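1. Quick one, what's the 3D model for this:
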Amino acid sequence: MYFFARYGSVLLILFITLLLGSFALVFFFNANPVDPILRKLPEEMPSTSDDEFQATLAKILHTPLVEGNDIEFLRDGPEIYENKLKAIRNARHSITLEIYEFWGEETAGVFAEALAEQASKGVAVHAIFDFVGSQQAGEEKFTLMRENGVEVIFYRKPEWYRSSRFNFRTHRKLLVVDGQIGFTGGANIGDAWIGEADTRYRDNLFKLTGPIVAYLQSAFLENYSLATGKTLLGKNYFPRLEPQGEQIMQTVISSPREGQKRIRTLLLMLFASAESHIRICTAFFYPDDLLIESLVAARDRGVEVDILAPGENTPEKWVRYASRNRWQPLLENGVRIHEYQPTNIHAKMFIIDEAVVSIGSANFHNRSFRLNDETNVNLFSSSAIQEAITIFTKDLQEARQITLEEWENRPWRENFRGLIGNLIGPHL
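-> Residues are numbered from 1 along each chain as shown. Just a heads-up that it's a prediction; the model follows:
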């Protein structure tokens, strides 16, 4: 007793130090992302005007270009949720949902009730919620859905013997109804996406019809099978899909699994193909060194580059500080970086020349490229590309360009916070 009375505080400090050290080691070895697939810029990539451009994307990304589709651009939460809820309430056979954030009485509560109601009517409803992103939802919403027959799945719930599950998330935003109508884009299901226009998140979602919907269903099925060990087949999930329009599309499914970080590969290929203009809209802007090099290389070829990123309204302040510390080579080489002013921008869109636009869940940062499950859809038809450029241009008009001089004179506190943020850069 004398020993513990005299040295108890020292032993406690040693124990806490050992515990923290153990956690640090677990984090480093289990959560640190593995090396990216590509470490060098793509060489001899066809330009966007080359006849081989689209065929090359199909071969390298392992997904075909699909004709006969239609798309509807949905802007901001009220319009997005109205269309998704209408599709859910009109479902006859099946509903598959995969979402990252799920919370809020005015949004998650309404969706939980709609899904539960359809399941109680005999519609097969399968819903994947990311474990981390759905923590604020409240157990009562999941109980309501389960009691009415919804298959509720928490994706990658952490376990002590598989701690890396906490770091690798599904960030996909997928909704497929009857295998015939698909939704994807940037918007989660949360109360931050509704309310007054000057406070709600600025975001996009896209309603797709035609043969491309089967590929969105396949993206859902990938994680459903990983989580449950089961599969979903038959005409209720994969019906025969007739052409619904003239749009050419391609899905890109990306995950942290070895050999499947395809969205990062896609963007490196697109930047190498650009001839005139790269436009990027993202909720998180934290490019790795090779992506910075690829944008600088595009500028060296005379390609204009405009990046639209969140401003001071972003809730993720540390990501913004860390991002800003990496801007020097971009600004010095003429890349134009703009910060959206009215509210927090959460939209994701990559437009290359007037040849292709990539839409979906992926942001322009390491987490999307190396840690998250993501799904994007590439659009190749002129009408869709022009509509995307119109949306981007309108948002750009409400942004403020950051000059090299302003960046060089940013406050030292911001610079210091950015240095700290860069210490965990691979996880941003």
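
2. make it CA atoms for all contacts and neighbour counts henceforth
-> Noted.

3. Just the helices from the stretch 201-350 of the chain, written as ranges.
-> 213-228, 262-273, 289-300, 317-324, 328-332 (DSSP state H, counting those that start in this stretch).

4. Where does pLDDT dip in the stretch 301-428 of the chain?
-> Regions of the stretch 301-428 of the chain meeting the criterion pLDDT under 70 cover residues 424-428.

5. List the buried residues in stretch 249-266.
-> Within stretch 249-266, the residues scored as buried using 16 or more other Cα atoms under 10 Å are 249-256, 260-266.

6. what's next to that stretch, contact-wise?
-> For stretch 249-266, the external contacting residues (Cα atoms under 8 Å, 6 or more residues apart in numbering) are 36-38, 57-58, 61, 63-67, 69, 168, 212, 215-216, 219, 362, 369-381.

7. Report the helix or strand with the lowest average pLDDT across this protein.
-> Scoring the helices and strands of the chain by mean pLDDT, DSSP states H and E places helix 2-31 at the bottom, with a mean of 60.

8. Report the angle between the helix or strand following it and helix 262-273.
-> From helix 2-31 onward toward the C-terminus, using DSSP states H and E, the following helix or strand is helix 53-61. Put simply, helix 53-61 runs at 150 degrees to helix 262-273, going by axes from the mean of the first three to the mean of the last three Cα atoms, to 10 degrees.

9. Now do helix 53-61, average pLDDT.
-> Helix 53-61 comes out with an average pLDDT of 95.

10. What of stretch 148-168?
-> Taken as a whole, stretch 148-168 has a mean pLDDT of 78.

11. tell me how far the ends of that stretch are from each other?
-> 30 Å (Cα to Cα, to the nearest Å).

12. contacts for the strand with the most length in the chain?
-> When the chain is scanned for its longest strand (criterion: DSSP state E), the result is strand 66-75. The contact list for strand 66-75, computed with Cα under 8 Å, 6+ apart, reads 80, 202-212, 242-250, 384.

13. sorry, back to before: which of the buried residues of stretch 249-266 sits closest to Thr48?
-> When the buried residues of stretch 249-266 are ranked by distance to Thr48 (Cα to Cα), Leu266 comes first, at 13.1 Å.

14. State the distance from the closest one to Gln54.
-> As defined by Cα to Cα, Leu266 lies at a distance of 12 Å from Gln54.

15. Strands along the stretch 151-300 of the chain, start to end?
-> With DSSP state E, counting those that start in this stretch as the criterion, the stretch 151-300 of the chain has strands at 151-155, 174-177, 181-185, 204-209, 247-254, 277-281, 285-286.

16. how many other residues sit next to Leu18?
-> Neighbourhood size, Leu18 [other Cα atoms under 10 Å]: 12.

17. rewinding a little: in PyMOL, how would I select the buried members of the contacts of stretch 249-266?
-> Selection of buried members from these for PyMOL, criterion 16+ other Cα under 10 Å:
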select buried, resi 36+57+61+64+65+66+67+69+168+212+215+216+219+362+369+370+371+372+373+374+375+376+377+378+379+380+381
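
18. winner for burial among the helices of the stretch 201-350 of the chain?
-> Burial of the helices of the stretch 201-350 of the chain is given as mean neighbour count (mean count of other Cα atoms under 10 Å); helix 262-273 ranks first at a mean of 23.
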